[in-house]
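Trainee: attaching a predicted model along with its sequence, questions to come.
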Amino acid sequence: MKVAKFGGSSVADAGQFKKVREIVEANADRRVVVVSAAGKSATESIKVTDLLIEVEKLRDAGEDYRPVFKHIERRFVGIRDALGLNVAIENDLQKIEKRIENCSHDYLVSRGEFLTAKLMADFLGFQFIDAARFLVFDGHKVNYGESINRLRDFLSVNTQIVVPGFYGVDETGQIHIMARGGGDVSGAVLANLVDADLYENWTDVSGIKMADPRIVDHSRRINELTYDELQELSYMGVSVFQEEAIKPVEQRQIPIAILNTNHPEEDGTLVEKTVHRDQDQLVTGVAGKKDYVIISIKKYQLNKRFDIMAKVFSEIQRFNVPFEYVSSGTDSFSFLVKKDQLAGQLNAILTALKKCDLDSVTLDQDVALVAAVSHELSERPANAGKILDFLNDSQIKVHLVIQEGSDIKVVFGVANKDYEKTIKKIYRNINSKTKKLRMAI
Ligand SMILES: Nc1ncnc2c1ncn2[C@@H]1O[C@H](COP(=O)(O)OP(=O)(O)O)[C@@H](O)[C@H]1O
Ligand SMILES: N[C@@H](CC(=O)OP(=O)(O)O)C(=O)O
């Protein structure tokens, strides 16, 4: 059995629904379908999930949210009518509208998936199974035992189901949503629960490219990836696949295929435990994220001053800011944090650090992180130096390099303004090197 998850762009309008049906009907093994909320399309510039978030913001500000909700309503009724379906989607929309004043964030924001799945189930002639009936969370973790117990009631030899992604329920039965992009996680959890042969993730690109196609035109596709490489690329910003969606399938060694709803005939990316790859390839993929802040502290022989380090950590702890990376030297220590995670606490953190008897506290703002990912890097970490060399040749100032011993990635900190240039440089260099090597053989 295959689990097929269709992302927001794949279900954005009636035309996309038709492509989904063709794909599902092309293979009888595609019996579990998971959908995200209708996303952006040629005529709709905002995802339904973001429209629902807007409704909540207006509600909380005491402003009129009805025009935005009416827009959502028109989208779903429009899809229903264009496909000639009989689902009384107005009833569901009315129920949701009645609850807006008093409902939770998670309930409201999850309704895009609920409504999209209802329409899709009718269109495919599959059974609609609300994720709220079986997908149970303990805190932020899926309770697999309880979820499979509940899902079993809906599974039979002829199972053909459509499930809304992105949400389940908590221990008390209240709707619980996942992090953004969580539809991928729902698909992966379902693949785990039904022990699928393959987890298909249908999106609007033909697989994962070596670099973000919005930055590098005609970026080459990565034909095969390991789970680890995908994990690192997703963590470092490849938005095609949510990083938390890897563990559930990896646990059961279920391969992932990343495919294009708009071009199902094209090959995609296959993700498995191990892959056979061209030995000369320096890097499998490159990805990154903008808007980091580096806070660096200096103190003579800091590596021996545990009293000072303890003071620094106890000050920092009060702010509850998650640090993505830390790097240390004999006399220095740096914390890397995403700007939006600081939530306006930067000045307070700096003031607190200044009380810690340090020689200096410095700040590097508007930093982007760019990661080159490859299994090769864990075996030949010195390869990172080659990348550093050609960044240097391109006059890109590298503020920091992070690479741990057995790591499969090396991360470079550059200025935000050099972000796109850095990605392009790494991409061009690794590809021209591969070509030259081939010509020489
Ligand atoms: N390395 C990459 N390879 C492919 N796509 C990428 C990459 N990095 C970023 N993307 C972007 O991810 C998008 C697909 O993710 P997303 O919008 O979440 O899809 P969906 O709506 O199917 O869930 C692509 O349209 C592409 O612009
Ligand atoms: N709709 C949710 C969940 C999701 O996975 O969406 P998408 O498949 O469009 O990335 C979001 O926008 O975050």
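Mentor: All right, it came through fine. Numbers count the residues shown, from 1 in each chain. Ligands and ions are numbered 1, 2, ... in the order given.
Trainee: when you work out contacts or count neighbours from here on, use the C-alpha atoms and nothing else.
Mentor: Will do.
Trainee: which stretches of this structure form helices?
Mentor: For the chain, the helices defined by DSSP state H cover 14-25, 48-60, 66-82, 89-99, 105-124, 144-152, 183-193, 227-235, 246-250, 306-317, 346-354, 376-379, 383-393, 419-440.
Trainee: what bits of the protein have low per-residue confidence?
Mentor: Under the criterion pLDDT under 70, the flagged ranges of the chain are 278-280, 405-406, 432-441.
Trainee: picking that back up, give me whichever of the helices of the chain is most buried.
Mentor: Ranked by mean neighbour count, those are led by helix 183-193 with a mean of 26 (mean count of other CA atoms under 10 Å).
Trainee: tell me if it is near ligand 2.
Mentor: Yes. Residues of helix 183-193 contacting ligand 2 under CA under 6 Å from any ligand atom: 183-184.
Trainee: ok, back up a step: right, and the helices of the chain - which one's nearest S296?
Mentor: Smallest distance to S296 across the helices of the chain (CA to CA): 10.1 Å, for helix 346-354.
Trainee: helices and strands around that closest one, which ones?
Mentor: When contacts are defined as 3 or more CA pairs under 8 Å, 6 or more residues apart in numbering; DSSP states H and E, helix 346-354 sits against helix 306-317, strand 360-373.
Trainee: CSV for the ones you listed, including distance to ligand 1?
Mentor: What follows is the helices and strands packed on helix 346-354, written out as CSV (distance: least, CA to the nearest ligand atom, whole Å):
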stretch, distance to ligand 1
helix 306-317, 33
strand 360-373, 11
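Trainee: for ligand 2, which of those is the nearest?
Mentor: Closest to ligand 2 of the helices and strands packed on helix 346-354 is strand 360-373 (CA to the nearest ligand atom; 21.8 Å).
Trainee: in its sheet, what does that closest one sit against?
Mentor: Note on strand 360-373: by DSSP bridges, its sheet partners are strand 285-298 (antiparallel), strand 409-415 (antiparallel).
Trainee: contacts for it next, please.
Mentor: For strand 360-373, contacts defined as CA atoms under 8 Å, 6 or more residues apart in numbering pick out 229, 232-233, 236, 283-299, 350, 353-354, 408-416, 419, 422-423.
Trainee: show me the contacts for A88.
Mentor: Counted by CA under 8 Å, 6+ apart, A88 has zero contacts.
Trainee: oh sorry, the question was meant for E272
Mentor: The contact partners of E272, by CA under 8 Å, 6+ apart, come to 224-227, 250, 253-256.
Trainee: 10 Å - rerun?
Mentor: The neighbours of E272, taking CA atoms under 10 Å, 6 or more residues apart in numbering as the test, are 224-230, 249-250, 253-257.
Trainee: repeat for L282
Mentor: When contacts are counted by CA under 10 Å, 6+ apart, L282 touches 372-377, 380, 383-384, 386-387, 429-431, 433-434.
Trainee: now it: how far from K409?
Mentor: Distance of L282 to K409, given as CA to CA, to the nearest Å: 11 Å.
Trainee: same deal with Y325?
Mentor: From Y325 to K409 the distance is 13 Å (CA to CA).
Trainee: re the thing from before, any idea which of the contacts of L282 is closest to V11?
Mentor: Of these, the one sitting nearest to V11 (CA to CA) turns out to be V373, at 31.2 Å.
Trainee: so what's the closest one closest to, chain neighbours aside?
Mentor: Excluding the flanking residues, the one nearest V373 by CA to CA, 6 or more residues apart in numbering is K409, at 4.3 Å.
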